[in-house]
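J.: My questions concern the predicted model and sequence given below.
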Amino acid sequence: MTWIKTIDYDDASPELRRQYRRIQGPTGQIDNVLQVHSLRPHTLAGHVVLYKSVLHHSNNQLPKWYLESIGIYVSHLNNCTYCVKHHLEGLKRLLGDTARFYKIKAFLLSERTDFDMDQRLLSGLSYAYKLTLEHEEISYADIEQLRQNGFSDGEILEINQVVSYFNYVNRTVMGLGVTTDGEKLGLSPSGADDESWTHI
């Protein structure tokens, strides 16, 4: 599951159990990417708040499927198969359209350019690529390009935060040897408010 020790629910302190109850899936599953924080519950708390705010908060304006797509793309660029597998399942559920899902999946994982995504959304993925692999080259011109393609500054911030979050979590996963062993893939928070964390 991971290269470092983790604490199961049965052996958890009261505080860690409280956090586990907030994020567990319908069968009691705690995703390995979250359980890896169990030796430092305060970093688990920080991770889940950041995750929920970046991807699942009701105040986000960009479509959730698009934010998930950015996360999958960043994870693919970083060769983080754990996050790619999990978030592809989340994207499939969000779209509710199997044919469109497979087209988007093929596009994101092969870096093809022949997909019917409009220029606005493609420009967000281009920014994600640059911020992930060429971050030292980012300049004001990249932000202005996003504006010219129709993104508001708030939406640009949403894209930036999704890219930054996935770079963080990809390195957490890969740096600690987190695997999908024993997991049901694609669980995500069921509600849009800050306190609803139960995964479905």
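T.: That came through, no problem.

J.: doesn't residue 12 make contact with residue 39?
T.: No. Checked against Cβ atoms under 8 Å, the pair residue 39 and residue 12 is beyond contact range at 10.9 Å. Backbone N, C-alpha and C define where each C-beta goes, glycine included.

J.: Tell me which of these two has more neighbours.
T.: residue 12 (18 against 12; other Cβ atoms under 10 Å).

J.: wait, what's in contact with that one?
T.: Residue 12 makes contact with 20, 38, according to Cβ atoms under 8 Å, 6 or more residues apart in numbering.

J.: ok, now residue 101?
T.: Counting by Cβ under 8 Å, 6+ apart, residue 101 has contacts 91, 92, 95.

J.: my read: the first one touches residue 65, true?
T.: Yes. Distance between residue 91 and residue 65: 6.1 Å, which falls inside the contact criterion (Cβ under 8 Å).

J.: and the gap between residue 34 and residue 88?
T.: Computed as Cβ to Cβ, to the nearest Å, the residue 34 to residue 88 distance reads 18 Å.

J.: Show me where this protein dips below the pLDDT cut-off.
T.: Scanning the chain with the threshold set as pLDDT under 70 gives 111-116, 186-187, 190-200.

J.: Spatially nearest residue to residue 145, not counting backbone neighbours?
T.: Distances taken as Cβ to Cβ, 6 or more residues apart in numbering put residue 123 closest to residue 145, at 6.3 Å, once the chain neighbours are dropped.

J.: what sits against the one you found?
T.: 145, 146, 149, 151.

J.: tell me which element the nearest residue to the second one once chain neighbours are set aside falls in.
T.: Same thing as residue 146. Using Cβ to Cβ, 6+ apart and skipping the chain neighbours, the partner closest in space to residue 146 is residue 156 (5.1 Å). Applying DSSP states H and E as the criterion places residue 156 in helix 153-175.

J.: Now for the residue nearest to residue 146, how many residues are close by?
T.: Residue 156 has 17 neighbours, counted by other Cβ under 10 Å.

J.: Quick check: it touching residue 143?
T.: Yes. With contacts counted by Cβ under 8 Å, residue 156 reaches residue 143, the gap being 6.2 Å.

J.: Just the CA trace of the helix holding residue 156, in PDB.
T.: C-alpha atoms of helix 153-175 as PDB (Å, rounded to 0.1, in the frame of the first residue of the first chain):
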ATOM      1  CA  ASP A 153      -9.300  35.700 -13.300                       C
ATOM      2  CA  GLY A 154     -11.200  33.600 -10.800                       C
ATOM      3  CA  GLU A 155     -11.400  30.800 -13.300                       C
ATOM      4  CA  ILE A 156      -7.700  31.100 -14.000                       C
ATOM      5  CA  LEU A 157      -7.100  30.800 -10.200                       C
ATOM      6  CA  GLU A 158      -9.300  27.600 -10.200                       C
ATOM      7  CA  ILE A 159      -7.100  26.100 -13.000                       C
ATOM      8  CA  ASN A 160      -3.900  27.100 -11.200                       C
ATOM      9  CA  GLN A 161      -5.000  25.500  -8.000                       C
ATOM     10  CA  VAL A 162      -6.100  22.200  -9.600                       C
ATOM     11  CA  VAL A 163      -2.700  22.000 -11.400                       C
ATOM     12  CA  SER A 164      -0.800  22.900  -8.200                       C
ATOM     13  CA  TYR A 165      -2.900  20.400  -6.100                       C
ATOM     14  CA  PHE A 166      -2.300  17.500  -8.500                       C
ATOM     15  CA  ASN A 167       1.500  18.300  -8.600                       C
ATOM     16  CA  TYR A 168       1.400  18.100  -4.800                       C
ATOM     17  CA  VAL A 169      -0.600  14.900  -4.500                       C
ATOM     18  CA  ASN A 170       1.300  13.200  -7.400                       C
ATOM     19  CA  ARG A 171       4.500  13.700  -5.500                       C
ATOM     20  CA  THR A 172       3.000  12.600  -2.200                       C
ATOM     21  CA  VAL A 173       1.800   9.300  -3.900                       C
ATOM     22  CA  MET A 174       5.000   8.700  -5.900                       C
ATOM     23  CA  GLY A 175       7.400   9.700  -3.200                       C
END
